[in-house]
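Participant: dropping the sequence and predicted coords here.
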Amino acid sequence: MREGQRICQNCKTSFFIESEDFAFYKKINVPPPTWCPECRLKRRMMFRNDRNLYRRACAFSSKNIISGFSTDKPLVVYDRDIWWSDQWDSMQYGLEYNFKKPFFSQFQELLGQSPLPAVFNGRSIRSFFCNRVSALKDAYLVFDSFEGENVAYSSELIYCKDTVDSLQIWNSELVYESVTSEKLYRVFFSQNLENCNDSFFLYNCHGCASCFGCTNLRNKSYYMFNEPYSKEEYQRKIKEFDLGSFKNLQALKQRFQELKLRSIRKSAYTFNSSDVTGDYLWNVHNCKSCFRLTDDVRDSKFLVHGGLKISDSYDNYGAGINAELLYESVDSGVDGFGYICDIIVYSGNDVSYSYNCYGCQNLFGCVGLRNKQYCILNKQYSKEEYVKLVPQIIHHMNKMPYKDKKGRMYKYGEFFPPELSPFAYNETITQEYFPLTKEQALKEGYLWKDHEMGDYTITILSKDLPDHIKDVTGDILNQIIGCAHGGICNENPAPKPPRCRASCSTAFRIIPHELEFYRLLNLPLPRLCPNCRHYQRIKQRTPLKLWRRKCYCAGLTSSPQAGTRFVYQNTAKHFHGSDYCPNTFETAFAPEGPEIVYCEACYNNEVA
Ligand SMILES: [Zn+2]
Ligand SMILES: [Zn+2]
Ligand SMILES: [Zn+2]
Ligand SMILES: [Zn+2]
């Protein structure tokens, strides 16, 4: 076996640890991982629930609250504002470290006792059904977003206004059904855009205005299905399409889908980035196997979702905002330095194995602390005691590792065992990207939660909704609409059969603000529940995986490959003449997929 070759403790496949990785582990003083990168990613994601909200009572005030923690979990949950108040003290739950028990068992005990805030939605106003958000105003069913106003049914928004049913949009206004784009104004049904306005159905377009149904355009106006029009003609045509009708909309979506399949794609959607592998990277440099990062990310590996200045970090989900030397952490950062295995830790220094801690330094295994230092399992130590005890605990973690129900061992440096998660597998974002059936999840030793059926009666089926928004009356606000998927989620690509039934919420309502939005912009009512809509958008992004592949460019056309239905005619001369392009790359487009994928050079020849 080569030096870096390992067998994953979890999935039993082999993976390789590069020499640069060893250098990083040495730098932060952790042993090399025993789980493969994908299993490590899933393990982190199993600690994050965005979308599942439950009604429960605050354990402090008995007030009815909405929480991401369901009542069947052995946890103490406080109303958000009480949690953040000084009416209680998390240090009272402190435990003396016990060298007769594995560390993780002791952490689990503390996690069950130390109160947690019902939801994570700091600084938000009139935004009750939102989680993992901050600084939102009038938001409804928005997750994983910050700085927004009048936003609904969306995730991963940053600085957005009047944005509905969208995913990963920044600095935009009046956006509907769009994903992975920034700087948009009045844009609908689009993906991978930069700086576009007044447009519909665009894919991979930059600097475009008043365009409809186009792909791979740069700085164009009045284009329709990639053909130029006069302004007058364009405007006349747009009226004819009449998107207020659901039937018309479906037909156009179909046509756009085919246009996308005829168009070439760049091996990865990267912007101002250098020396990277992964997908959806904006201003990222020297980073490998990274996805969905933005704004100054450097010298890192295995990061998913995050950015805003993060460097020298490995294995994080949702980390960033001025952070350095973060390892195996989830939703952490914000002026953070030296985190090892943390979940929701902000503004900290040298924090390890801690959950939901803010403004702390030198913590080990703590839950729910604010502005503390030198604490272990929520117990206060002097600096001298702390510095002496932590190495003893690390030694103990290695001598008496935690063993989970499946026999997996967790020594120091290993992230939390999934069975310690406050969430079941299918409540977490893991299910959105790596869907499992109940049987599969249980077999892997992960937790599962059966869908809690809501107490409601469907009053109208989505197929009976008026086709056109102009025929929708105010009475729709009183209706409970049956999702067109009828509880069988067609969107979540769980292995079939049996289909995963946990994600479709079966019914939904229209809220007043939303109805106003559809009327104003002449858009038909949705036919699917918010969850199914969310899964449809997730599906538009590439998966969190990479494959090494050859460029599809065959010189004069794209090469006819299994899976691709269309052949693209090249319009420019390429460096490889009429021969096949010799370039290979890592891409998140699966080899068996229908997309025509070009290397950066060939793509730029055709598009730039
Ligand atoms: Zn694995
Ligand atoms: Zn549904
Ligand atoms: Zn090429
Ligand atoms: Zn080429």
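Facilitator: Here it is on my side, so go on. Numbering: from 1, shown residues only. Ligands and ions are numbered 1, 2, ... in the order given.

Participant: where's the residue of the stretch 1-150 of the chain found nearest ligand 3 relative to residue 567, distance?
Facilitator: In the stretch 1-150 of the chain, the residue that lies nearest ligand 3 is residue 18 (25.8 Å; Cβ to the ion). To be clear about C-beta, it is placed using only N, CA and C from the backbone, and glycine gets the same treatment. Distance of residue 18 to residue 567, given as Cβ to Cβ, to the nearest Å: 38 Å.

Participant: quick check: bridge partners of residue 507?
Facilitator: residue 482 (DSSP bridges).

Participant: how is this structure carved up into domains?
Facilitator: Domains of the chain are assigned by automatic domain parsing as 270-399, 451-540, 546-608.

Participant: out of the ones you listed, which one sits most buried?
Facilitator: Mean neighbour count (mean count of other Cβ atoms under 10 Å) peaks for domain 270-399 among the domains of the chain, with a mean of 21.

Participant: make sure residue 150 is actually in contact with residue 138.
Facilitator: Yes. Counting by Cβ atoms under 8 Å, residue 150 touches residue 138, with 5.2 Å between them.

Participant: what's the overlap in contacts for the two?
Facilitator: residue 513 (Cβ atoms under 8 Å, 6 or more residues apart in numbering).

Participant: neighbour count: those two, which is higher?
Facilitator: residue 150 (18 against 15; other Cβ atoms under 10 Å).

Participant: which residues of this structure fall in helices?
Facilitator: Counting by DSSP state H, the chain has helices at residues 19-28, 37-45, 80-83, 103-113, 231-241, 246-262, 383-399, 430-433, 438-443, 512-521, 530-540, 600-607.

Participant: these two touch, right, residue 78 and residue 117?
Facilitator: Yes. Using Cβ under 8 Å, residue 78 is in contact with residue 117, at 6.2 Å.

Participant: and the chain, which residues reach ligand 3?
Facilitator: Residues of the chain lying near ligand 3 by Cβ under 5 Å from the ion: 551, 553, 581, 583, 599, 602.

Participant: least reliable of the domains of the chain going by mean pLDDT?
Facilitator: Note on the domains of the chain: lowest mean pLDDT is at domain 451-540, with a mean of 86.

Participant: now find how far off-centre stretch 592-608 is within its chain.
Facilitator: 25 Å (Cα atoms, centre = their mean, to the nearest Å).

Participant: and what of stretch 55-73?
Facilitator: Its chain's C-alpha centre and that of stretch 55-73 lie 25 Å apart, by Cα atoms, centre = their mean.

Participant: which residues does the closest residue to residue 35 other than its chain neighbours contact?
Facilitator: Once flanking residues are discounted, residue 35 sits nearest to residue 10: 5.0 Å by Cβ to Cβ, 6 or more residues apart in numbering. For residue 10, the contact set (Cβ under 8 Å, 6+ apart) comprises 35, 36, 39, 43, 408, 444.

Participant: residue 10 and residue 404, how far apart?
Facilitator: For residue 10 relative to residue 404 (Cβ to Cβ), the value is 10 Å.

Participant: quick one on the thing from earlier: give me the buried subset of the contacts of residue 10.
Facilitator: Neighbour counting with 16 or more other Cβ atoms under 10 Å marks 35, 36, 39, 43, 408 as buried within the contacts of residue 10.

Participant: distance of the fourth one from residue 531?
Facilitator: Distance of residue 43 to residue 531, computed by Cβ to Cβ: 24 Å.

Participant: residues near the closest residue to residue 132 other than its chain neighbours, how many?
Facilitator: Excluding its sequence neighbours, the residue lying closest to residue 132 (Cβ to Cβ, 6+ apart) is residue 144, at 4.7 Å. The number of residues packed near residue 144 is 23, by other Cβ under 10 Å.

Participant: for the closest residue to ligand 4 within the stretch 151-300 of the chain, give me the pLDDT.
Facilitator: For the stretch 151-300 of the chain and ligand 4, the shortest gap (Cβ to the ion) falls at residue 264, measuring 9.5 Å. Predicted confidence (pLDDT) for residue 264: 97.

Participant: from memory residue 296 sits against residue 307, does it?
Facilitator: Yes. The pair residue 296 / residue 307 is scored as a contact, 7.0 Å apart, by Cβ under 8 Å.

Participant: spit out the residues that contact those two alike.
Facilitator: residue 283.

Participant: enumerate every residue touching the residue of the stretch 101-250 of the chain found nearest ligand 1.
Facilitator: The stretch 101-250 of the chain approaches ligand 1 most closely through residue 104 (19.5 Å), counting by Cβ to the ion. With contact set as Cβ under 8 Å, 6+ apart, residue 104 has these partners: 402, 410, 416, 417, 420.

Participant: in JSON lines, list those residues along with pLDDT and distance to residue 97.
Facilitator: Formatted as JSON lines, the contacts of residue 104 follow (pLDDT from 0 to 100; distance: Cβ to Cβ, whole Å):
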{"residue": "402", "pLDDT": "98", "distance to residue 97": "14"}
{"residue": "410", "pLDDT": "98", "distance to residue 97": "17"}
{"residue": "416", "pLDDT": "98", "distance to residue 97": "17"}
{"residue": "417", "pLDDT": "98", "distance to residue 97": "19"}
{"residue": "420", "pLDDT": "97", "distance to residue 97": "17"}
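
Participant: just these: which are in strands?
Facilitator: With DSSP state E as the criterion, strands contain 402, 410 from among the contacts of residue 104.

Participant: give me the neighbour count for the residue of the stretch 1-150 of the chain closest to ligand 3.
Facilitator: 11.

Participant: mind checking how far it is from ligand 1?
Facilitator: 17 Å (Cβ to the ion, to the nearest Å).
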